[in-house]
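Asks: could you look at this predicted model? Sequence included:
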Amino acid sequence: MQSLNKKIRFKTDQQMIVLLISLIIFVIFSFTLSNFFSAGNLIAMMRSIAVLAILGLGMAIVVIGRGIDLSMVALMAVPTALVMTLVESGVGLALSIMVGVAFAIVVGVINGVLVAYAEIPALFVTLAMGLVLAGLGQVGILKADMVSWPEGMDPVRWIGGSNVFGVPSSVLVAAAMFLFVNWFLRKTKIGRFIYSIGDNPNTARTTGIFVRPIMVLQYVLAALIAVLAGLVMASSNNLMDTRIYNLSLIYDIILVVVLGGVGLSGGRGGVWSVLVGTLLVGIVFNGMTIMNFPLDIQDLFKGIILLIAVIVDSFLNPRNEETGQQGDI
Amino acid sequence: MKMTANTKATQFGMKSLLALTIAAVGTMVGVAHAQDGAIKDPERTHYYEVFKGKRVVFVPVFMGLDLTEGWSKIMTIQAKRLGYNYEVRNANFDTSAGVQILTQLLSEKPKPDVVVIQNPDVTSYAKLEKRMEDAGIRVIQLNMKSLTSTTGFAGADATVIGETQAEWVVKQCGPNTSRKVLILNGPTTAPWTVYMQEGYNNVLSKNPDIKVVARQSIGNYDSSKAKSITEVTLKQHPDLCAIMGVWDIPDLATGSAVKDAGKSGKVLVSTSGGGGEVACKGLQTKAFDHYVSYDVPGQGRDVNDLIQMALQLNDQPGKVKVAHYTPLSVFTQADVASHKCWTLDTLN
């Protein structure tokens, strides 16, 4: 009886709803749009959401631990552009990548320390950090906001700019990250601790979990994943456009994370949530591009889908008055 | 009476003779003087006096692009040479921040004499530009125009860029091809998009055989969007003939989508930009097949001339309205070697 109950509950959570919506839209598009259901188009679709998926995974780690990292897009753009600028100016590839990664780690640690030890809300810390990074990029460390892929970096171009048996490498990197983050969150002790911190930080501390260092680690991981996404994006697009910080990418990341059921209040969801969220966004955008819908309408649809998902979720998983958490009932 | 008249005439003659002599001697002294140095140009002193202490402000959509950095460098050089103050207030890709900057400039004391504005779209700044001119601040619009005409405009005629691109595409996509074309636009209300569309339409309406399979906005010149739209369209229409892009930087990604699909040289990419490094790199790496350049160094000179003019005008703004449309040039892969693509270091 209990197992049946569990089964039914599993079926009605946000992740399943979004998966169902995605499947329905997928089937409709497959029948109504010519060439939608073709290997070529599906690969193109996956490639277009690969970077978003990687970023979504990084964001998911932070959000599950009851935080948020709004500096992720800047963390993707500026360290990557720094690596490219260094290589272009003649610094060795390995050293440049180390400098870029170290830079990202430092920013991640600052984010984490300010949130975990200074107890400043993550929203403010990371928003400010994103602005600082973008500003640093503009006035200091980068020569131009647009850095094109230098020839010196061709040894690592495979990361996002090649194909393995017809599958773009960016999709493979995203898939590998799915496996890694899933393993990290589900199988490692620290991963489980992140869930418990997200669920209730005070309880987690009482039970003896090192809450603050783990929170710092979340932001460092997000920063590292952002740099990886940046390298994939730059090698795929042949340039890193740091203006991307000003575009709406950060909302898209939050969209795919929340859409799939990673609750912003922490402790819920996982990599599958990110996967279904990204798939839905990918399918809808791909279909609308084929139908030649204007971009503004695509954004409108995106907003409506998010609203529906959030509303349905709050009906199915009402807020528990005692813990203030959604889905505890 | 007659005598007196005669005497007067003689006296007058004597006087004029004297004056003539003095003038002649004066001239000779002058010539002698000129021989050891130079003649004073009467215009000069006044010219240099005019600029002293004047204030020119540049409000770009976004610094850090090859276009804005290039213009700004050229404007800085002239400001230093002529001794007026030049400053940049960056709107940072945020229209409301731009509106705020302009509003503040209106109330600042001392108020700026000339404001050079790059409009993010055709309407947002239009009213403010009129208010600035009414308040005595001359407005020069740079490359991206609003619906208001002001003292000066220097920039490319986006409609002609569109026409040039479309004419080339029509020529390339003859009866032996699919005649299918993809159009990638900028932001929906950006002057660039709106005026360029007009150019595309002017040509395409005369060539009904050309089939526009999709007309998509790539948002705020977003490279990733350009790439993913191109990928999807190529899957839908593998026989696509050409792509008309809006700007060189995002179109590098358009070109790389074409390359990834193994269709370089078969699906042609036409784009436009300031003729900087990106232009040459794009053509050399075969990301672009056709490039319409609006020559940033030339535009820099044009805007500098307009600033000089605006600072020398004395009457109320609104009486003089001058437009300098940039002469465009076309680069292709075949002739890329003969073009010099500028970089920030070569501008001086």
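Replies: Okay, I see it.
Asks: quick one: contacts for the residue nearest to B:V88 when sequence neighbours are not counted?
Replies: Nearest non-adjacent residue to B:V88, counting by C-beta to C-beta, 6 or more residues apart in numbering or on different chains: B:F58, 4.9 Å away. For glycine as for every other residue, the C-beta is placed from the backbone atoms N, C-alpha and C. Neighbour list for B:F58: B:W71, B:S72, B:M75, B:Y86, B:E87, B:V88, B:R89, B:V115, B:V116, B:L142 [criterion: C-beta atoms under 8 Å, 6 or more residues apart in numbering or on different chains].
Asks: check which element follows the helix or strand where B:F58 lies along the chain.
Replies: B:F58 belongs to strand B:55-59 when elements are defined using DSSP states H and E. Per DSSP H and E, the first helix or strand lying C-terminal to strand B:55-59 is helix B:66-82.
Asks: just checking, what packs against that following helix?
Replies: strand B:55-59, strand B:85-88, helix B:296-312 (3 or more C-beta pairs under 8 Å, 6 or more residues apart in numbering or on different chains; DSSP states H and E).
Asks: tell me where the stretch 101-250 of chain B has strands.
Replies: Along the stretch 101-250 of chain B, the stretches classed as strands by DSSP state E, counting those that start in this stretch are B:114-117, B:138-142, B:152-155, B:180-185, B:211-217, B:242-244.
Asks: host element of A:R205?
Replies: helix A:201-206.
Asks: all strands for chain A, in order.
Replies: A:146-148, A:163-164, A:167-168, A:239-241 (DSSP state E).
Asks: pull the residues that contact the second one.
Replies: Residues outside strand A:163-164 that contact it (C-beta under 8 Å, 6+ apart): A:S169, A:L172, B:D260.
Asks: and the residue nearest to the first one when sequence neighbours are not counted, what pLDDT?
Replies: Think A:S169. Excluding its sequence neighbours, the residue lying closest to A:S169 (C-beta to C-beta, 6+ apart) is A:S162, at 4.7 Å. Predicted confidence (pLDDT) for A:S162: 84.
Asks: what's near enough to touch residue 229?
Replies: All of this is about chain A. Contacts of A:A229 by C-beta under 8 Å, 6+ apart are A:V51, A:I54, A:L55, A:G58, A:M76.
Asks: switch to chain B, please.
Replies: Counting by C-beta under 8 Å, 6+ apart, B:I229 makes contact with A:T289, B:L182, B:L184, B:A214, B:Q216, B:I218.
Asks: the bottom helix or strand of the chain by mean pLDDT?
Replies: Since you didn't name a chain, this refers to chain A. In chain A, the helix or strand scored least confidently by mean pLDDT, DSSP states H and E is helix A:2-11, which has a mean of 48.
Asks: sorry, back to before: taking the contacts of strand A:163-164 one by one, which sit in helices?
Replies: Secondary structure defined by DSSP state H assigns A:S169, A:L172, B:D260 of the contacts of strand A:163-164 to helices.
Asks: quick one: those residues as a markdown table, columns for distance to B:I101, pLDDT and neighbour count too.
Replies: Shown next, in a markdown table, are those (distance: C-beta to C-beta, whole Å; pLDDT from 0 to 100; neighbours: other C-beta atoms under 10 Å in any protein chain shown):
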| residue | distance to B:I101 | pLDDT | neighbour count |
| --- | --- | --- | --- |
| A:S169 | 43 | 92 | 20 |
| A:L172 | 45 | 95 | 20 |
| B:D260 | 40 | 86 | 21 |
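Asks: what is the nearest of these to A:F31?
Replies: Closest to A:F31 out of the ones in helices among the contacts of strand A:163-164 is B:D260 (28.2 Å), distances taken as C-beta to C-beta.
Asks: give me the pLDDT for the residue in the stretch 51-200 of chain B that chain A sits nearest to.
Replies: Per C-beta to the nearest C-beta, B:G64 is where the stretch 51-200 of chain B lies closest to chain A, at 3.4 Å. Per-residue confidence (pLDDT) for B:G64: 81.
Asks: how about B:M3?
Replies: In this model, B:M3 carries a pLDDT of 48.
Asks: in chain B, which spans are helices?
Replies: B:2-36, B:42-51, B:66-82, B:95-107, B:126-134, B:158-172, B:191-204, B:223-236, B:248-260, B:277-284, B:296-312.
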